[in-house]
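Student: Quick one, structure for this:
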Amino acid sequence: MKLKEINRTAIQSWSPAQHHPIYLATGTSAQQLDASFSTNASLEFFELDLAEPSLDMKSCGSFTSTHRYHKLVWGPYGMDAQGHPSGVLIAGGENGNVILYDPAKIIAGESDVIIAESDRHTGPVRALDVNPFQTNLVASGGNESEIYIWDMNSFGSPMTPGPKTQPLEDISCVAWNRQVQHILASASPSGRASVWDLRKNDLIIKVSDHSNRMHCSGLAWNPEVATQLVLASEDDRMPVIQMWDLRFATSPLKILEHHTRGVLAIAWSLADPELLLSCGKDSRILCWNPNTGEVLYELPTSSQWCFDIQWCPRNPAVLSVAGFDGHIDIYSIMGGSNQAQSQRHADQISNSFGNMDPFGTGQTLPPLQLPQAPAPPATVNPLKKPPKWIRRPVGASFAFGGKLVSLENTKPNPQQPQQPTSHVVHVSQVVTETAFLKRSDQLQATLSSGSFVDFCQEKIDVAENEFEKTVWSFLKANFESDIRSKYLELLGYNKEELALKVTPAATLELNSTPEPEAEDPAADPEDAPSGEPEATAHQVLPEEETEEKEEEIFLISLLDVDGLITQALLTGDFEGAVELCLHDNRMADSIILAIAGGAELLEKTQKKYFTKTHSKITKLISAVVMKDWHDILKTCDLQNWKEALAAVMTYAQPEEFSSLCDLLGDRLEAAEDAQLQSQACLCYICAGNVEKLVSCWTRAQGGQYPLSLQDLVEKVVVLRRAVEQTQRSGPAAIGILLAEKMSQYAGLLASQGSLSTAITYLPDNTNQVCTLKCTHSLLAPDPEIHEEMTKHKPWEGESTNGWGFLTSLQNMLVLMQQTPQNYTPLAPITAPIMAPLGGDPQAQPVSSGAPQAMVQGPHGAQVPYSGMQQQLSPPPMNPAMPKTSTEGAPGAPIGDVIQPLQSIPAEKITKKPIPDEHLVLKTTFEGLIQKCLAVATDPQTKRKLDDANKRLEALYDKLREQTLSPAIVGGLHNIARSIEARSYTEGLNIHTHIVSNSNFSETSAFMPVLKVVLTQANKLGV
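Tutor: Sure thing, here's the model as predicted:
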């Protein structure tokens, strides 16, 4: 593609690669005249600004010269030392002149721009080249076999590479070797090339064609192979480019033959040795691969010859071509189109006249219509493969499962450039969380062996703080024989130690004489005992008579309260007697009489007793007697949460134990004290409430992300296993928060390469979005593999493992990770690489939506997978039957084990009709799919459309239930209208707007499918 152009009949040279911005120096060409027959000469500098869209190049400086030039070379000499910030421009004149110019001074507009000048050569200087290793050395060639080596540090005394070649002839080109700094080559129009060794100061080899028809017009060394060079012939009888290797210089190594007339100039890219430019008298500019002889690219040119061609050193994709038509054109070999430039050129002409008629009529000019060419020019194809400077020498990319895929393009052997090079791809496993993986392996080993007691004890031993140790102690207690006793011990209430304290107190009470005023300690609330066991033991223990009772005389008095009580007793009126005793504050007598009066009277008496009596332990006694623990837990001081939990441990019934522990945990979690909030975890452990434990632990604990998540998962796994063992049944349903944490954990394991372990932790509750995403990633990182896996349904009839996934799926993942030791990729993988592991090969594919968490039961009913178990689970319960509300905690006593119910055939579910106002959505979408199926010929496209038709049922179900938000429903109707108008691009834009402004969980089931349908419809043009 043409980028810029300069209207000059001139020779050219690019600024060095180190120079910025990029300049192109032009000098008036010798032996050429333009149409004006002007004999003036000048040097000009143009800046290459690719950000400017016009074809013109900005002139940055010029210098009027008395010389015309055959050759220009711009070297970087002096740029490092800042003596010449833009380097040095060396010019070869028509009178044997070699002139050094300072480009920086010319660009600055100064007059003293010549650094040095010499006219030592005989005849015109047609050959110049700067040594790439020692930039102060310049080689020049003139007539009569003259070759000089100039040192710009001492320009007045040039050197010669050796004695002149015989017979004497003109030197048409010189070139320094690109690999060895002391090797120089020269060529003459007679077709002979000479190679000089400056260390020996002698000619070392001559290269010539036996046909004697090679008229050398160009010479270039291979940028990478030191012994290879190319020669170009300008003879129309032999328009070839010969590639020579000096190791066997008897004949050319390769001959490039595509020009029909003589070759005038060549240029070998320093950035990519597989790119060689040539221009000739046939008005063609060709880009070759000299190693294969193939023409890679042909630039579009005019009908005039091009006599000079050069690569830009700084931008390797840019080249410049000087032609006899008075133009220097700048091209890019990366392809492109000239239409935009033609339009810009026409617009510039229009803008020059403005919008009014230039003839003064006052009428507005109509828009310019460019004439349409009858036949469009042939499109110039870009390079078939990327050039070396944009080719990645190495590359790396992270893949699913913690895999790092890296590649390296080995350098081709310079001795055998035509042999294909092998491309090596390395697939390695990257593990960044070693401590996390080690602890995960320990947990997995514990799950397999079932040694949870040892696992908990290890955690207790290595606990970093007292709270962590307490939590693991509570978890360990779940696997002990007497769980509630262990809980009480952990709360500080050991029955044996308490017995040792109570016995001395009882002995002291027996040996002491009671004081008369201490007859009824409950009568005075202020004298109530404190909470210390030692202080209250003698007051709560029953008093025993130590002396023989004196014989009492039965006397009846009818005048006082005793008389009334006596009459009530004699008539059997226990209720009245109790009322009288309570009225007379004789609490002990009222309780004893109530016992004799029956359970109903006793309960009433107890309530009245607790209403009248107020002490520090009255509420506790009331709860023990009345079994009302909810009131205790709701009103107790949270600082005494241990005592409240201990009372629940001792007295709560199995069916209320979990709810009471949850109640206390909720109060602790709502407290302002952070320490009390963390203690709620212990209550949830006692209750066996995994979901609340996850919520509380997540809020209370921080720390490094992978390890803190590992801490949580360890506790969850152990607690769930404890609940299973205690209840001897399958695990409870998994909540949203737990599903999210387990999905995160599975994702972490997968990112470290433990795919088979990760899938065992995925919950079977596939309704959660996070679980769906992780499941899809684990089961099918590649869509074709996912399709192959779902096609054969390998999970039907298989046993489950872990959180509800199948052993066969784990085997698949293991197979996906295994690679043969001698594996060498020869070609890109374009088809599924994994064969089905079982099932009928003719089985119909199932929906490619979310993996189903159901299997077929014995009688065809769908049964959910059991979760979190390493061995085979017991037969699952029928999901149609309601779950019992008495799923106990680890500490609750175990009653009769509920036997699994026999599954019954599933009833046929009748779906609701879609509301009339939304029925157009189903009609439109299904009609579009049918149109696409009628046009599609590719089996893969048909399979996608069939799958989409099935998966859109999720949308129709949401329309039946009317669960979609009004914004989403409105957007779907807009998409339907765009489909009716066949404006699928607008429909895709509406789709993007809906997805970006709605909840992912609300649209994830059907919006991706709808996008597939719209994309296919747009592609098929239905």
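
Student: in the stretch 251-400 of the chain, which spans are strands?
Tutor: Using DSSP state E, counting those that start in this stretch, the strands assigned to the stretch 251-400 of the chain run over residues 254-256, 263-268, 276-280, 285-289, 294-299, 306-311, 318-323, 328-332, 394-399.

Student: Quick one, which of these gets closest to residue 485.
Tutor: Relative to residue 485, the nearest member of the strands of the stretch 251-400 of the chain by Cβ to Cβ is strand 394-399, separated by 52.5 Å. All C-beta spots, glycine's among them, are computed from the backbone N, C-alpha and C.

Student: List the neighbours of that closest one that are in contact with it.
Tutor: For strand 394-399, the external contacting residues (Cβ atoms under 8 Å, 6 or more residues apart in numbering) are 404-409, 427, 430, 781.

Student: and which of those residues is nearest residue 55?
Tutor: Closest to residue 55 out of the contacts of strand 394-399 is residue 409 (36.6 Å), distances taken as Cβ to Cβ.

Student: which other helices and strands contact the host helix or strand of residue 650?
Tutor: Residue 650 belongs to helix 641-651 when assigned by DSSP states H and E. Under the contact criterion of 3 or more Cβ pairs under 8 Å, 6 or more residues apart in numbering; DSSP states H and E, helix 641-651 touches helix 483-490, helix 618-626, helix 629-635, helix 654-669, helix 674-687.

Student: show me what contacts residue 172?
Tutor: With contact taken as Cβ under 8 Å, 6+ apart, residue 172 is in contact with 126-127, 141, 187-189, 216-217, 219.

Student: Mind picking the two most distant members of these?
Tutor: Most distant of those, by Cβ to Cβ, are 141 and 217, 13.3 Å apart.

Student: Report the set of residues contacting both of those two.
Tutor: Taking Cβ under 8 Å, 6+ apart as the criterion, residue 141 and residue 217 both touch 172-173.

Student: ok, back up a step: which of the contacts of residue 172 fall in strands?
Tutor: The strands, defined by DSSP state E, take in 127, 141, 187, 216-217, 219 from these.

Student: the inter-axis angle of the helix ranked longest in the chain versus helix 674-687?
Tutor: For the chain, the helix with the greatest residue count under DSSP state H is helix 705-727. Helix 705-727 and helix 674-687 meet at an angle of 40 degrees, taking axes from the mean of the first three to the mean of the last three Cα atoms, to 10 degrees as the criterion.

Student: Touching stretch 976-996 from outside, list them.
Tutor: Taking contacts as Cβ under 8 Å, 6+ apart, the residues outside stretch 976-996 that touch it are 920-921, 924-925, 928, 967-968, 971-972, 974-975, 1003, 1007, 1010-1011, 1014-1015, 1017-1018, 1022.

Student: Mind giving me the PyMOL command for buried ones among these?
Tutor: To isolate the buried subset of the contacts of stretch 976-996 in PyMOL, counting by 16 or more other Cβ atoms under 10 Å, use the following:
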select buried, resi 921+924+925+928+968+971+972+974+975+1003+1007+1010+1011+1014+1017+1022
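
Student: Buried members of the contacts of residue 172 into ChimeraX, please.
Tutor: Typed into ChimeraX, the line below selects the buried ones among those, using 16+ other Cβ under 10 Å:
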select :126,127,141,187,188,189,216,217,219
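
Student: and the longest helix of the chain, average pLDDT?
Tutor: Confidence over helix 705-727 (mean pLDDT, whole number) is 83.

Student: Following the chain past that helix, name the next helix or strand.
Tutor: Counting by DSSP H and E, the next helix or strand C-terminal to helix 705-727 is helix 736-751.

Student: which strands and helices sit next to the helix or strand just after that following helix?
Tutor: Next helix or strand after helix 736-751 toward the C-terminus (DSSP H and E): helix 755-760. Helices and strands touching helix 755-760, by 3+ Cβ pairs under 8 Å, 6+ apart, are helix 434-449, helix 736-751, helix 769-779, helix 807-817.

Student: change it to 6 Å
Tutor: Packing contacts for helix 755-760, counted by 3 or more Cβ pairs under 6 Å, 6 or more residues apart in numbering; DSSP states H and E, involve helix 736-751, helix 807-817.

Student: The ones you listed: lowest mean pLDDT?
Tutor: Lowest mean pLDDT of these: helix 807-817, a mean of 41.

Student: how about the ones in strands among the contacts of residue 172 in TSV, adding distance to residue 101 and pLDDT?
Tutor: Converted to TSV, the ones in strands among the contacts of residue 172 look like this (distance: Cβ to Cβ, whole Å; pLDDT from 0 to 100):
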residue	distance to residue 101	pLDDT
127	18	95
141	20	94
187	26	94
216	28	90
217	26	91
219	24	95
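
Student: ok, those residues vs residue 276, which is closest?
Tutor: The nearest member of the ones in strands among the contacts of residue 172 to residue 276, counting by Cβ to Cβ, is residue 219 at 12.4 Å.

Student: so that closest one bridges to which residues?
Tutor: Beta-bridge pairing for residue 219 (DSSP bridges): residue 231.

Student: roughly how far apart are it and residue 191?
Tutor: In this view, residue 219 and residue 191 are 11 Å apart by Cβ to Cβ, to the nearest Å.
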